[in-house]
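# fold the following for me, if possible:
(2 chains)
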Amino acid sequence: MNTHVNISQDIVKNTASPATSDLSRRSFLVGSAAAGLALGYAGVPGLVGADAALAATAHFDPSVWYSIAPDGLVTVTCGKADMGQHIASTMAQIISEELGSNWKDMRVQLASNDPKFNDPVLGAQITGGSWSTMMNYDAMSRAGAAGRIALTEAAAASMGVPAGELVVRDSVISHPKSKKSMTFADIVKSGKATKTFTPDELKAIKLKTADQYTMIGVSVPQLDIPSKTNGSAKYGIDVMLPGMVYGKVVTPPVRFGATVKSVDDSAARKVPGFIKAVTLDDKTGTTTGWVVAVADTYANARRAADALKIDYEGGPNAKLSSESLLNEARRLQSLDDSGLFFVKDGDTAAAFGTAAKVIEAEYTTNINIHAPMEPMNATAQLQGDIWHIYSGNQFATRSGAIAAGAAGVDPKFVVMHQMWLGGGFGRRLDADMMVPAVQAAKAVGKPVKVIYSRENDMTMDFSRPLTFQKVKAGLDGDGKLIALNHDVVSAWPTKRWGIPDFLTPSVDKKGGLDGFTVNGADFFYTVPNHNVRAILNEMAHNATPSGQLRSVAPGWTFWAVESMVDELAHAVGKDPAQYRIEMLDGKGANAGGAQRLRNTLLAAMGMSGYGTKQLPKGEGMGVACVSSQERATASWTACVAHVAVADSGEVKVKKLTVATDVGTQVHPDNIRAQVEGAALWGLSLAMYEKATLKDGGIEQTNFDTYTPLRMSQVPEVAISVIANGEKATGVGEPAVTVIAPALANAIFNACGARVRSLPITAEAVKGAMKA
Amino acid sequence: MPTLNINGRNMSVEAANDTPLLWAIREQLQMTGTKFGCGAGLCGACTVHVNGEAVRSCQTSLSDVAGKKITTIEGLSAKGDHPLQKAWIAEQVPQCGYCQSGQIMQAASLLARNSNPTKEEVIEHMDGNLCRCMTYSRIQKAIMRAASEMRTAATATDRRAT
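Below you'll find the predicted structure:
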């Protein structure tokens, strides 16, 4: 995380007035706090959080994060978006550890956008960065402990025994000496659990130490999984409201910048159930040239959408292609005064002057599309003054503001109802779907559920940007890397959000750069002279409004760094793994992190049998190691990829061995699931997924031309999770970033072909063989 | 007004005959376990059974299913306890879960005719179902677990019968 980030204030600045001004940690007050906390919203009728708090007088609400009902069931409210990482269950698990509840009593629900559910570290509702566990661990632990203390004191009073003699286990508080006991349900029913905690008291609670854990570190059954095997889990697309009608968006052939000249709905009006064609007036700047066909059913909305004749003005980007964006990136990179410095250590110019050898290389990645299985959707309903929005969303704080902007109301009049996300991967950080839902609902005076077709979803994705990186390395006479210039040219997804504090000040204070395009380039290798320039490709920024795609910048920065380090090792005749280990010496600011990464690399090498045996001709192993996501929030991940390359250039991935140091494991099985999913995402991006821009539009429209990994393409994956007792890190993304460079390095070792562009194609491998 | 035989019940739906079965199930019958993914038969999220065969409901019109038996994830078992559903929980397969109804329905049509599939047969049968969370290896394990349970159950039934 960028430690200076304080997004709440800027969301406020950028999107009209604040929902509430006080985002402090008072949410941890125990007892009556939940009702008190809702005060900022008390004047807003129909607000879910407030209603629940007011209706919950018979319950015990030790903090906003959970409530214990008279039947003893503990319902945790998760403020994070659950997109399959089981974060709701994880929050419940951390609370349960300190609370002392039985796992069978735990339930989860998803939070509204009431600021009381804001992330305790980030001060907003945003889910990404593999941050959730690390940033909520302490808060959820303290919430759980506060509840246990309050229940224990109430039980002590009821039993007439000293609180210090009570034992809490499995939702029961017992007094071994007198053999008295009370269940959590008994205590809540007694109404005596009323203790409140000030923030300072909460901070002073002595939490369990790891050796006392009975819940953290256990692979308990995920609470959301049964509902995802019988069709009962409700996603945004499943929302049904009385009187609701349906909207299908019609999007222009140009990704961004087109305008609607005219809409002829004469044919659409013949479609049964057709209600209206609504041309969006999007003052939030999120969409351009969109129309919504509204009808009584989605099938009819699609028919009507197909029947609309819309005349577009293509706008300034209508002639652009992937080639244009790449050419522009090269042009920008070649200019000395482009961009802003993310890293500026030592004096690279001087060091290149003394270098025995200078090696340069260019690395590119193509546009990538999120394509979660649940197409984008949102349901909007105006009730009185309040806009109710139902949608699975990763950034409720901003999405609520965008919905407000689309409706022309203050954000405090928008209630976001969170749903399970049918995949997020960063796509649902964006809020475009709010605009058609709100404006269609406003236009027809009914609740509207807008569902994108897959074609809308793919061609209007806030994609991973096309990237161009140039790396120049200087080696001394011993082959040691003494200078590195690393230029990263891309669209700047975070800049597009219009939240200045989300930008990172350049090291020379010349401006704000998008750190989420260069994270990872500030690696843990010791390189005395090191520059990283972040260069905005304005053309790409405008033509392909980009977003955060699972693993974000480290998905391309480590592609360049870990490929280049390998190239350098080969250039000086050293084993690439050994070459890395020598640079992970832990000097200066790299102390600690470098050694953890080295150890992780060694673990992956050991598990894969790296270097222990002669491989058949055409096969090779390659290594890579990464500190994704950001330096301050790193996990330590290494991969050894084993490939076989045919003469045709066809690559068969035989095995991916991934080791990752996560500090503390809350749920070992979930970590493995996430790391495996992330590794296969990395493989999919490295070899199977490619989107292209032509005439200003994304050419790929469905899963026939944009082709994520399928079951038949899954290689053997071996995972080793290192839990060494350090603080819990994130696991949803880092393994994405290590795969592509490990594969490219393996391909080089297998056949001598160096590929520098993603995705890796058989043609590129064959071409590089000949060269 | 077409009538559908769905999960053992006859239900009439207000929709034109050329309406995709998917949308009639989701909107008219409000059974939302069957998911919309691609609208083109490329992802498998909308898989249901028609007369026991796995079909893509986004590519099947109401007129195609007249007089046929339709089964959705809601009707696969009475209590969500089909061997595949139990195996999906045992292996903790779902992540986001959105594709999993389709995955389970697709797998169920395989196990109904072959309760002892090889890994290759499983992959061939399942390759049309995308999982963007990439839970593929757990899906495979869960299918094998369910197949094993079904074989054991069948053996027990055989023993009782003899």
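# contacts and neighbour counts: CA atoms only from here.
Will do.
# under the pLDDT cut-off, which ranges of the chain? List them.
In the absence of a named chain, chain A is used. For chain A, the stretches with pLDDT under 70 are A:1-58, A:771.
# could you do chain B instead?
Counting by pLDDT under 70, the ranges of chain B that qualify are B:162.
# which residues in it form helices?
For chain B, the helices defined by DSSP state H occupy B:21-23, B:83-90, B:100-113, B:119-126, B:136-161.
# now those helices as a markdown table including distance to chain A?
Shown next, in a markdown table, are the helices of chain B (distance: least, C-alpha to the nearest C-alpha, whole Å):
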| stretch | distance to chain A |
| --- | --- |
| helix B:21-23 | 7 |
| helix B:83-90 | 6 |
| helix B:100-113 | 6 |
| helix B:119-126 | 6 |
| helix B:136-161 | 6 |
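# please report how far B:Leu29 lies from chain A.
Between B:Leu29 and chain A the distance, using C-alpha to the nearest C-alpha, to the nearest Å, works out to 11 Å.
# kindly report the same for B:Val65.
17 Å.
# so who does that residue touch?
B:4, B:50 (C-alpha atoms under 8 Å, 6 or more residues apart in numbering or on different chains).
# I'd like to know how far it sits from A:Lys727.
56 Å (C-alpha to C-alpha, to the nearest Å).
# report the buried residues of stretch A:704-721.
For stretch A:704-721, the neighbour count (16 or more other C-alpha atoms under 10 Å in any protein chain shown) marks A:706-711, A:713-715, A:717-721 as buried.
# with stretch B:148-155 instead?
Residues B:148-151 are the ones in stretch B:148-155 that count as buried (16+ other C-alpha under 10 Å).
# which among those residues gets closest to A:Asp200?
Nearest to A:Asp200 among these is B:Glu149, at 54.5 Å by C-alpha to C-alpha.
# what strand or helix carries the most centrally placed residue in chain A?
With distances taken as C-alpha atoms, centre = their mean, A:Gly128 lies nearest the centre of chain A, 3.0 Å away. Under DSSP states H and E, no helix or strand contains A:Gly128.
# the residue nearest to it when sequence neighbours are not counted: what's it in contact with?
Leaving out its chain neighbours, the residue that sits closest to A:Gly128 by C-alpha to C-alpha, 6 or more residues apart in numbering or on different chains is A:Gly426, at 6.9 Å. Residues in contact with A:Gly426 (C-alpha under 8 Å, 6+ apart) are A:128, A:370, A:394, A:547-550.
# hmm, try it at 7 Å
Shown in contact with A:Gly426 (C-alpha atoms under 7 Å, 6 or more residues apart in numbering or on different chains): A:128, A:548-550.
# who in the stretch 101-250 of chain A is up against chain B?
Listed as neighbours of chain B in the stretch 101-250 of chain A under the rule C-alpha under 7 Å from any C-alpha of the partner chain: A:225-226, A:228-232, A:238.
# would you reformat the residues you listed as TSV and include distance to A:Ile205?
Below are those laid out as TSV (distance: C-alpha to C-alpha, whole Å):
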residue	distance to A:Ile205
A:Ile225	33
A:Pro226	35
A:Lys228	37
A:Thr229	40
A:Asn230	41
A:Gly231	42
A:Ser232	39
A:Asp238	42
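# ok, and the most crowded of these?
Neighbour count (other C-alpha atoms under 10 Å in any protein chain shown) singles out A:Thr229 as the most crowded of these, with 32 neighbours.
# in contact with it, which residues are there?
By C-alpha under 7 Å, 6+ apart, the residues touching A:Thr229 are B:85, B:88, B:100-101.
# buried among the residues you listed? Make that a PyMOL selection.
Buried members of the contacts of A:Thr229, defined by 16+ other C-alpha under 10 Å, are picked up in PyMOL with:
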select buried, chain B and resi 85+88+100+101
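# residue with max distance from the center of chain A?
Using C-alpha atoms, centre = their mean, the residue of chain A lying farthest from its centre is A:Ser178. It sits 50.9 Å away.
# mind checking the SS state of it?
Look at A:Ser178: counting by DSSP: H, G, I helix; E, B strand; the rest coil, its state is coil.
# quick one on the thing from earlier: ok, which of the helices of chain B comes nearest A:Pro741?
Closest of the helices of chain B to A:Pro741 is helix B:136-161, at 22.9 Å (criterion: C-alpha to C-alpha).
# how distant is that closest one from the center of its chain?
Centroid separation for helix B:136-161 versus its chain: 17 Å, with C-alpha atoms, centre = their mean, to the nearest Å.
# which stretches in the stretch 651-771 of chain A count as strands?
Taking DSSP state E, counting those that start in this stretch, the strands of the stretch 651-771 of chain A run over residues A:651-661, A:693-694, A:697-698, A:716-722, A:757-758.
# make CSV out of these and add distance to chain B.
Shown next, in CSV, are these (distance: least, C-alpha to the nearest C-alpha, whole Å):
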stretch, distance to chain B
strand A:651-661, 13
strand A:693-694, 21
strand A:697-698, 17
strand A:716-722, 9
strand A:757-758, 19
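# just put these in JSON lines and tack on distance to B:Thr34.
JSON lines is the format used below for the strands of the stretch 651-771 of chain A (distance: least, C-alpha to C-alpha, whole Å):
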{"stretch": "strand A:651-661", "distance to B:Thr34": "33"}
{"stretch": "strand A:693-694", "distance to B:Thr34": "33"}
{"stretch": "strand A:697-698", "distance to B:Thr34": "29"}
{"stretch": "strand A:716-722", "distance to B:Thr34": "30"}
{"stretch": "strand A:757-758", "distance to B:Thr34": "35"}
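# ok, so of the buried residues of stretch B:148-155, who is nearest A:Phe60?
B:Glu149 (43.0 Å).
# and that closest one, what does it touch?
Neighbouring residues of B:Glu149 by C-alpha under 7 Å, 6+ apart: B:Pro83.
# how about 10 Å then?
Counting by C-alpha atoms under 10 Å, 6 or more residues apart in numbering or on different chains, B:Glu149 makes contact with B:83-84, B:86-87, B:115, B:143, B:155.
# now the buried members of these.
Taking 16+ other C-alpha under 10 Å as the criterion, what is buried in the contacts of B:Glu149 is B:83-84, B:86-87, B:115, B:143.
# report the two of the residues you listed separated the most.
Within the buried ones among the contacts of B:Glu149, two members stand farthest from each other by C-alpha to C-alpha: B:Lys86 and B:Ser115, at 15.5 Å.
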